[in-house]
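Provide a 3D model corresponding to the input given below.
(2 chains)
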Amino acid sequence: MVDIHKSFGGVKALKGVDFTVGRGEVVGLIGDNGAGKSTLIKILVGVYQPDEGDIYFDGVKVRWSSPLSARKSGIETVHQNLGLVNLMSVSRNFFLGKEPSTHRIFLDKRKADKESMEAIQHFGIKLRNPNETVQNLSGGERQSIMIAKAVYFGAKLLVLDEPTIALSVAETRKVIDTVGRVKEEGTSVIFISHNIRHVCDIADRFTILINGEKIGDIESKDATTDIIEDAIVTGRLPNREPSRA
Amino acid sequence: MQQTKRVGLFGGIRTSSYSLVRVPEFAAFVTLVLICIVFTAASSKFFTPMSLTSMFTLAAELGTIAVGVSFLMISGDFDLSVGSVFGMSAFLLATISNTGVSPTIAFVSTLIIAMVMGLLNGVVTVRFKIPSFITTLGTMMLWRGVLLYITAGFPIVYKADRTLIDFLGGNIALMLRASAVWFILLTIIFTVVLQRTIYGNWTFATGGDIQAARAAGVPINKVRIINFMICSLLAALAGMVNMARFNIAQTMLGEGKELEAIAAAVIGGNLLMGGYGSIIGTFVGSIILSVISTGLIMMGVPPYLYMGFTGIVVIVAVIVNTSIKGRGGS
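Modelled structure (predicted):
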């Protein structure tokens, strides 16, 4: 995303933000409330249109008119509690909207059960029963299923919106592990979170926004939680020029 | 982690747990058995072939409507107009056939008219984003009003050729009528659609979490509208079968059926809010209702108490269903 500007009424939410994510890279998008993370992402996934600026995806300039077109290009968003139908089983949820069929109208339950389990277990989630009702699963498991589903169906870029919020320590670890596996497979990830420690565990790079402006990028090898927290509070990164992506 | 046992044919939505108990039809089935035991003890006439077939036929008439109502309920909507569609269809079959038109054409035309009524329910609900409860409350009154106006309060009698009529509602054996066959057939068809087809998956999803369904690419508006049409279609079929049996229809025919159908669905384990349920459960629920009314009559209970007793059963059934789901759940 290059030089993105966006205003709502009189409020300038984004003031010329550049944002890049590389192939197979996990980028932590960090910033306090009101910094513009949410707006930036909504523009990326096609909910809003930028007032100024361009978006390039896979090297091609794009303009998505709706979330559907962004999704078609391979961008999937995962929210913790939205996206799965609680009363339905894992298998049914996994293939919802893209059900495998026998004879065109019948649900190929065997294939759905088998492949959903394989995909989910591949990401390290210990689930054995495809008929388990989603509402019986923990927040971390639900999240991981949505991530596995997105990757299974070919997502190139995954946007994780506060994935570890309200999760226990063990659960958080599981989700972070899942994201790690996703990265290994070459899918790019944008990890939005208030919890810097969680992001630190997995991100390759951090992009920090304050008040609609990008303060800078910092590689995770150069970063500690303290440095990032300081950056958010003071607006300054150590020894850094604001980088242009 | 508890393992699931594959139990019976009632596949699809089940949680990992002590299997049988969680199957939605289970509570309804147990209720039915208990009620039968009570009535058999209370009256020697209860458990006879004549009485059983009679109760099943009675169940079939409400049950045909209830199948449509519960299928729609699972996708998240209500249809309060089924009673009016029921009455209107009985009227239309008779009136059109009486003019000399082939009863088969009358039959098909009535089904088409019913589908249009369902389409109206669906389109208005979806397009204007009003609760289906309200839309169908309106159409319930609309069609009943139209029927009252056309008939001026007089009952309508079927006077045309009887071949189709006997096929629709004729006698099979003892007290068993063709309506029983339609009921079983429809239960099987819609159970298969719900549990084994992609459309069934869409129906569950639309009722379970419409936002998630939409995000997943399910054509939620189409699903809802189609299910409204199915519901009206089945109500019309039931109405015409009723005309086939009695040969006459009062103008208020069908009044109250909408709530009875909902009761049957709910007793059968269908969630009022949608997203979960079973047509077989509705099947059992319909039988329970007819067993109660017949059983009470046999015991010599004043007929007015039937409704009160049914009301209690509905509440108890929902409490039991909810607690069963709750215990095995989170």
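
Assign the nearest residue to residue A:89 once chain neighbours are set aside to helix, strand or coil.
Spatially, and ignoring its direct neighbours in sequence, residue A:89 is nearest to residue A:131 (4.6 Å; C-beta to C-beta, 6 or more residues apart in numbering or on different chains). Glycine gets a C-beta too; all of them are placed from N, C-alpha and C. At residue A:131 the chain is in coil, as set by DSSP: H, G, I helix; E, B strand; the rest coil.

what's the burial count for residue A:131?
19 (other C-beta atoms under 10 Å in any protein chain shown).

any low-confidence regions in the stretch 201-330 of chain B?
Low-confidence segments of the stretch 201-330 of chain B (pLDDT under 70): B:324-330.

If we use 90, what do you get?
The stretch 201-330 of chain B contains residues with pLDDT under 90 at B:215-217, B:245, B:292-330.

show me where the chain has strands.
Reading this off chain A. A:2-8, A:11-17, A:26-30, A:52-57, A:60-62, A:75-79, A:101-102, A:106-107, A:157-161, A:188-192, A:205-210, A:213-219 (DSSP state E).

um, chain B though
Using DSSP E, strands in chain B cover B:156-157, B:171-173, B:176-177, B:248-249.

from the strands of chain A, which stretch is densest packed?
Burial of these is given as mean neighbour count (mean count of other C-beta atoms under 10 Å in any protein chain shown); strand A:26-30 ranks first at a mean of 26.

Give me the angle between that strand and strand A:188-192.
Inter-element angle recorded for strand A:26-30 and strand A:188-192: 20 degrees (by axes from the mean of the first three to the mean of the last three C-alpha atoms, to 10 degrees).

what's near enough to touch residue B:229?
B:115, B:118-119, B:122 (C-beta atoms under 8 Å, 6 or more residues apart in numbering or on different chains).

Would you format the strands of chain A as JSON lines with mean pLDDT included?
Formatted as JSON lines, the strands of chain A follow (pLDDT from 0 to 100):
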{"stretch": "strand A:2-8", "mean pLDDT": "81"}
{"stretch": "strand A:11-17", "mean pLDDT": "84"}
{"stretch": "strand A:26-30", "mean pLDDT": "89"}
{"stretch": "strand A:52-57", "mean pLDDT": "86"}
{"stretch": "strand A:60-62", "mean pLDDT": "85"}
{"stretch": "strand A:75-79", "mean pLDDT": "88"}
{"stretch": "strand A:101-102", "mean pLDDT": "89"}
{"stretch": "strand A:106-107", "mean pLDDT": "92"}
{"stretch": "strand A:157-161", "mean pLDDT": "91"}
{"stretch": "strand A:188-192", "mean pLDDT": "90"}
{"stretch": "strand A:205-210", "mean pLDDT": "87"}
{"stretch": "strand A:213-219", "mean pLDDT": "83"}
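
Just put those in TSV and tack on distance to chain B.
What follows is the strands of chain A, written out as TSV (distance: least, C-beta to the nearest C-beta, whole Å):
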stretch	distance to chain B
strand A:2-8	23
strand A:11-17	24
strand A:26-30	22
strand A:52-57	20
strand A:60-62	20
strand A:75-79	9
strand A:101-102	6
strand A:106-107	5
strand A:157-161	13
strand A:188-192	18
strand A:205-210	26
strand A:213-219	29
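
Which one of those lies nearest to residue B:232?
The closest of those to residue B:232 is strand A:106-107. By C-beta to C-beta, the value is 25.7 Å.

Which strands and helices lie in contact with that closest one?
helix B:198-208 (3 or more C-beta pairs under 8 Å, 6 or more residues apart in numbering or on different chains; DSSP states H and E).

Please save the CA atoms from the helix it packs on in CSV.
Only the C-alpha atoms of helix B:198-208 are listed here, as CSV (Å, rounded to 0.1, in the frame of the first residue of the first chain):
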residue,chain,number,x,y,z
ILE,B,198,-25.2,-28.9,0.1
TYR,B,199,-28.5,-27.0,0.2
GLY,B,200,-29.1,-28.5,3.6
ASN,B,201,-25.8,-27.3,4.8
TRP,B,202,-26.7,-23.8,3.6
THR,B,203,-30.0,-24.0,5.4
PHE,B,204,-28.3,-24.8,8.7
ALA,B,205,-25.8,-22.1,8.2
THR,B,206,-28.4,-19.4,7.2
GLY,B,207,-30.3,-20.1,10.4
GLY,B,208,-27.3,-20.7,12.6
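
is chain A contacted by it?
Yes. Using C-beta under 8 Å from any C-beta of the partner chain, we find that helix B:198-208 touches chain A at B:198-201, B:204-205, B:208.

Among these, which one sits closest to residue A:219?
Once C-beta to C-beta is applied, the member of the residues of helix B:198-208 next to chain A that ends up nearest residue A:219 is residue B:205, at 42.2 Å.

check contacts around that closest one.
If you count contacts by C-beta under 8 Å, 6+ apart, then residue B:205 has A:85, A:88, A:92, A:96, B:212-213, B:216, B:218, B:275 around it.

ok, so of those, who is nearest residue B:159?
residue B:275 (46.1 Å).

about what we covered before: out of the residues of helix B:198-208 next to chain A, which one sits closest to residue B:223?
Once C-beta to C-beta is applied, the member of those that ends up nearest residue B:223 is residue B:199, at 7.4 Å.

Could you find the closest non-adjacent residue to that closest one?
With C-beta to C-beta, 6+ apart, the residue lying closest to residue B:199 is residue B:193, at 6.2 Å.

ok, back up a step: of the strands of chain B, which shows the lowest average pLDDT?
Among the strands of chain B, strand B:171-173 has the lowest mean pLDDT, at a mean of 81.

Going by contacts, tell me the helices and strands next to that strand.
helix B:178-196.

Neighbours of the closest residue to residue B:154 other than its chain neighbours, how many?
Nearest residue to residue B:154, sequence neighbours excluded (C-beta to C-beta, 6+ apart): residue B:251, at 7.2 Å. The tally of other residues near residue B:251 (other C-beta under 10 Å) stands at 19.

Can you pull the phi and psi angles for residue B:251?
Per-residue torsions, residue B:251: phi -70, psi -20 (degrees, to the nearest 10).

quick one: it from chain A, how far?
Residue B:251 sits 40 Å away from chain A, going by C-beta to the nearest C-beta, to the nearest Å.

That residue and residue B:90 touch, don't they?
No. Judged on C-beta atoms under 8 Å, residue B:251 makes no contact with residue B:90 at a distance of 10.1 Å.
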